[in-house]
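>>> Build me a model:
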Amino acid sequence: MDKKIRHVIAAILILIPFGVYLDVPFYNVPNPVMWGLPFYYWFQMVMLPVTALLFLIAAFLID
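Just a heads-up that it's a prediction; the model follows:
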């Protein structure tokens, strides 16, 4: 794969979590509740490993 294409894909993967986190009204809701936690809290817990995985993939694409 061309180096420039890999860098563009890596940039997109890095920007995805920023776009999700900036859309606060999407996840700043009390329902649904899971394990007694409102959606806001467990969404943050789910997004943490997803974000780490996307950054890891982007790092491998850049190297």
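>>> going forward, measure contacts between C-alpha atoms and count neighbours the same way
OK.
>>> So what's the residue count around residue 3?
10 (other C-alpha atoms under 10 Å).
>>> Tell me the spacing between it and residue 10.
11 Å (C-alpha to C-alpha, to the nearest Å).
>>> anything in contact with each of these two?
By C-alpha atoms under 8 Å, 6 or more residues apart in numbering, residue 3 and residue 10 have these common neighbours: residue 62.
>>> now the helices: where do they sit in the chain?
For the chain, applying DSSP state H gives helices covering 3-22, 24-27, 39-62.
>>> Least confident of these, on average?
Looking at the helices of the chain, the lowest mean pLDDT belongs to helix 24-27 (a mean of 84).
>>> which helices and strands sit right next to that one?
helix 39-62 (3 or more C-alpha pairs under 8 Å, 6 or more residues apart in numbering; DSSP states H and E).
>>> Show me what counts as buried in the helix it packs on.
Along helix 39-62, these residues count as buried under the neighbour rule (16 or more other C-alpha atoms under 10 Å): 39-40, 42, 51, 54-55, 58, 61-62.
>>> thinking again about what came up before, among the helices of the chain, which is nearest residue 33?
helix 39-62 (5.7 Å; C-alpha to C-alpha).
>>> Report the angle between that closest one and helix 3-22.
Per axes from the mean of the first three to the mean of the last three C-alpha atoms, to 10 degrees, the angle that helix 39-62 makes with helix 3-22 is 170 degrees.
>>> ok, the most centrally placed residue in the chain - contacts?
In the chain, the residue lying closest to the centroid (C-alpha atoms, centre = their mean) is residue 17, at 3.2 Å. Contacts for residue 17 (C-alpha under 8 Å, 6+ apart) come out as 47, 51.
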